[in-house]
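Participant: Coordinates only, no sequence provided:
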């Protein structure tokens with residue numbers, strides 16, 4: 001694009017930020033009403049400190065008013081076409097992938113009922129939700145938070161959200177996030193909060209495999225200090241806290257178990273056994289397929 005106008009803080013998407021820095025549009029206008037200097041990449045051509053609504057109204061007046069009908073153009077039409085094609089290519093790639101985190105997350109997202117609350121845990125779960133949540137008519141409320149160390153307080157925060165939500169509630173998190181706040185399951189049991197906790201069990205911190213450190217130290221040190229495999233049977237946590245627990249290892253079983261757990265309207269625990277290496281292979285293949293859209 002020739003011009004990008006951004007209101008307020010930079011979106012949380014790292015891919016979007018890097019794209020802006022790489023493509024360097026001719027003009028980038030940052031509307032910064034709070035004077036926060038929200039330009040981490042130092043890419044803004046102009047920083048405008050004003051009320052955003054007043055600026056938009058002034059632009060409309062300057063242009064003599066515009067109709068409410070959406071306008072098309074070569075850039076917007078092209079972006080829409082490439083976006084649809086990229087989505088279709090990535091979808092077809094996942095359709096043929098082994099059962100892994102992205103396949104499981106997509107199945108979960110498709111199976112969530114109307115009006116559901118989804119708490120997306122930190123690390124890879126929230127990234128997979130961002131990547132594989134498909135457009136559709138169903139209303140879905142997605143929440144999350146950033147703990148002091150990323151994953152801390154995940155269960156407890158999701159339980160608080162489920163207590164305030166009128167409708168089905170699901171937490172999607174990794175195995176280490178669950179273990180980090182295992183005591184939250186006691187609250188779930190004690191107060192009978194109907195939160196279904198879906199745990200992606202890939203044997204440790206899978207996100208570190210995508211960071212440079214994975215290639216710079218030996219595999220033994222990497223596992224010990226970064227991936228930190230737990231080697232635990234997470235289903236036993238259900239028995240410990242008096243909750244129903246079930247382990248699944250394929251897409252059909254995951255969807256059936258989710259529907260059963262939601263219908264019970266009580267706290268439940270689903271352990272989704274996935275292969276972390278297969279997950280990275282599936283993500284890379286889907287991204288490569290999407291990148292072929294033109």
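Facilitator: Cool, the structure landed. Remember, it's a predicted structure, so these values are computed and weren't measured experimentally.
Participant: for the helix or strand containing residue 78, packing partners?
Facilitator: Per DSSP states H and E, residue 78 falls inside helix 74-95. Packing partners of helix 74-95 (3 or more C-beta pairs under 8 Å, 6 or more residues apart in numbering; DSSP states H and E): helix 101-111, helix 276-290. Placement of C-beta: from N, CA and C, glycine included.
Participant: mind running it again at 10 Å?
Facilitator: Secondary-structure packing of helix 74-95 (3 or more C-beta pairs under 10 Å, 6 or more residues apart in numbering; DSSP states H and E): helix 101-111, helix 124-132, helix 276-290.
Participant: Residue 6 belongs to a helix?
Facilitator: No - using DSSP: H, G, I helix; E, B strand; the rest coil, the assignment for residue 6 is strand, not a helix.
Participant: what's near enough to touch it?
Facilitator: Neighbouring residues of residue 6 by C-beta atoms under 10 Å, 6 or more residues apart in numbering: 20, 28, 29, 30, 31, 32, 38, 39, 43, 44.
Participant: buried residues in the helix holding residue 78?
Facilitator: Applying a neighbour-count criterion of 16 or more other C-beta atoms under 10 Å, one finds 86, 89, 90, 93, 94 buried in helix 74-95.
Participant: what does stretch 129-139 give?
Facilitator: Neighbour counts using 16+ other C-beta under 10 Å place 129, 131, 132, 133 of stretch 129-139 among the buried residues.
Participant: okay if I get those residues as CSV plus pLDDT and distance to residue 231?
Facilitator: Formatted as CSV, these follow (pLDDT from 0 to 100; distance: C-beta to C-beta, whole Å):
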residue, pLDDT, distance to residue 231
129, 94, 27
131, 90, 29
132, 91, 28
133, 91, 32
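Participant: Distance to residue 181 added to those residues, as a markdown table?
Facilitator: As requested, the buried residues of stretch 129-139 are exported to a markdown table (distance: C-beta to C-beta, whole Å):
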| residue | distance to residue 181 |
| --- | --- |
| 129 | 19 |
| 131 | 24 |
| 132 | 25 |
| 133 | 24 |
